[in-house]
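> 3D, please:
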Amino acid sequence: MSDDESEYSAEVEQEEEEEITDLSNSDVCTKYQETAKIVNLALTGLVSQCVAGAKIIDLCQFGTTILETQTAKLYNKKVDGVPVEKGVAFPVCISVNEVICNHSPLSSEELEPLKVGDTVKIDLGCHIDGYIAVAAHTLVVSESVDSPPESVDGELGNVAVAAYNAMLVAANAIRAGAKNTEVTEVVQRVASNYGVSPIATVRMHQMKRFVIDGVKEVALREPTAEDIEEGEEKVPECTFDQAEVYAIDVAMTTGDGKVKPGDLRTTVFKRNVEANYRLKMKASRYVLTEVDKKFPTLPFTLRHFDDERQAKMGVTECVSHGLIVPYPSLHEKVEATVAHFKCTVLLLPSGTVQVTGLPLPSYFKSEKEPDEETSIVLKEIAEKAEKKAKKKA
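Numbering: from 1, shown residues only. Predicted structure coming up:
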């Protein structure tokens, strides 16, 4: 065999051995489906625990335990002598009232327990072998799980229905060949119809193996010239392809949609894999070593560290040198009402399939009807869901 032939043969062999990590691989598809089941289980469990008197820290730990114990039961056979990585992909966050997302308190910084009438946003994610599923849900706290609210404030019902419907029609609009700008238009149309505002800093993301926020993004609204002048970035146009996975993330408010980080401590972070720096503080080196060992690519919370005090001390230097990216808890004005829903979709040959997310609580109602185009899409989605339920029965 000549040198050229030998080189060509080696290249072909390498291509054959290259692992396929998108949905065209049936094993990958199965891992996403299994991960999604665990996310839905954790979300359902947390909804049942969000009653008057529940502590936010206990809820976060409860959700984390479900994600960790359920993923631990699956894929325990080593691959090439290496255990399959699995567990939390996005820390359990419980954000109350005007706090929109990313609130995952430390044990030492617990807030007051939940009370009747509080609006709670739950956000979480897990992975198996780096294949991620995420979800978020909004609910209203009652005395017990057996006595949910019969009705809620009209503004809250309106913004919750708008956010949930926008999530459904956005998920339906993300299909192979479509553009992200089309999805933004759909979300804006729903928000406008219900008289609410999409939250500008929340975006939908493509997810890949061990990547929770891929390059392809979808904005919830197009920034105005004034928004861009104030520092808001315009999302580059992109086209969706088959075999991709997306987090359909929708948060809406009765306010203007321009939210800010509040005064709650930031506890959720993610390693910036492209940054390096020689840290000076011992506590900072401890944090970075732990992150590189346990959370090299996915978001984490300081609560996951064995030494919480060291973690609190060391994270500041890591952030200031760009080694770790913070996920601050976002706050609306106290008088505004917010809702947050998120689901995971798979772009399969048969169409886009939603694999995570719970039904909208029945007490969320709006006096406003969906616009005609949205109404048609929602009807189609409901009919598909009904057919699917009949097949399972």
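
> which sections of the stretch 101-250 of the chain are below the confidence cut-off?
110 (pLDDT under 70).

> quick one, strands of it?
Per DSSP state E, counting those that start in this stretch, the stretch 101-250 of the chain has strands spanning 119-128, 131-140, 197-198, 203-207, 217-219, 245-253. These are given in chain order.

> Report the beta-bridge partner residues of the residue nearest the centre of the chain.
The central residue of the chain, meaning the one whose C-alpha is nearest the mean C-alpha position (C-alpha atoms, centre = their mean), is residue 134 at 4.5 Å. On the basis of DSSP bridges, residue 134 takes part in beta bridges with residue 125.

> Surely it touches residue 344?
Yes. Judged on C-beta atoms under 8 Å, residue 134 makes contact with residue 344 at a distance of 5.7 Å. In this view, the C-beta of every residue, glycine as well, is placed from N, C-alpha and C.

> The residue nearest to the centre of the chain and residue 208: what is the separation?
Distance of residue 134 to residue 208, computed by C-beta to C-beta, to the nearest Å: 13 Å.

> same thing with residue 289?
The spacing between residue 289 and residue 208, counted by C-beta to C-beta, is 26 Å.

> quick one, which of these two is more surrounded?
A direct count of neighbours by other C-beta atoms under 10 Å for residue 289 and residue 208 places residue 208 higher, at 18 against 12.

> tally of neighbours for the closest residue to residue 360 other than its chain neighbours?
In space, and not counting its chain neighbours, residue 360 is closest to residue 164: 4.4 Å by C-beta to C-beta, 6 or more residues apart in numbering. For residue 164, the neighbour count with other C-beta under 10 Å is 25.

> Next up, the contacts around residue 137.
Contacts for residue 137 (C-beta atoms under 8 Å, 6 or more residues apart in numbering) come out as 43, 47, 121-122, 340-342, 357-358.

> One more: residue 262?
If you count contacts by C-beta under 8 Å, 6+ apart, residue 262 has them with 99, 328-331.

> And it, what's its pLDDT?
For residue 262, the model assigns a pLDDT of 86.

> How much space separates it from residue 268?
Using C-beta to C-beta, residue 262 is found at 14 Å from residue 268.

> mind checking the SS state of residue 383?
Reduced to three states with DSSP: H, G, I helix; E, B strand; the rest coil, the structure at residue 383 is helix.

> ok, it to residue 198 distance?
Distance check for residue 383 against residue 198: by C-beta to C-beta, it reads 27 Å.

> Quick check, residue 370 in contact with residue 190.
Yes. Proximity of residue 370 to residue 190 meets the contact threshold set by C-beta under 8 Å, at 7.3 Å.

> Comparing the two, which shows the higher neighbour count?
Each of residue 370 and residue 190 has its neighbours counted (other C-beta under 10 Å); residue 190 has more, 29 against 20.

> Quick one: neighbours of the nearest residue to the more buried one once chain neighbours are set aside, just the number.
What sits nearest to residue 190 in space, not counting adjacent residues and going by C-beta to C-beta, 6+ apart, is residue 166, at 4.2 Å. Residue 166 is surrounded by 29 other residues when neighbours are defined as other C-beta under 10 Å.

> And for residue 128?
The burial metric for residue 128, expressed as a neighbour count using other C-beta under 10 Å, is 23.

> same question, residue 31
Under the criterion other C-beta under 10 Å, the count of neighbours that residue 31 has is 23.

> Quick one: work out the angle between the host helix or strand of it and strand 245-253.
Element membership for residue 31 (DSSP states H and E) is helix 26-49. For helix 26-49 against strand 245-253, the angle by axes from the mean of the first three to the mean of the last three C-alpha atoms, to 10 degrees is 30 degrees.

> could you point out which element follows helix 26-49?
Toward the C-terminus, helix 26-49 is succeeded by helix 56-72 as the next helix or strand (DSSP H and E).

> and that next one, which residues are buried?
Counting neighbours by 16 or more other C-beta atoms under 10 Å, one finds that the buried residues in helix 56-72 are 56-57, 59-60, 62-64, 66-67, 70-71.
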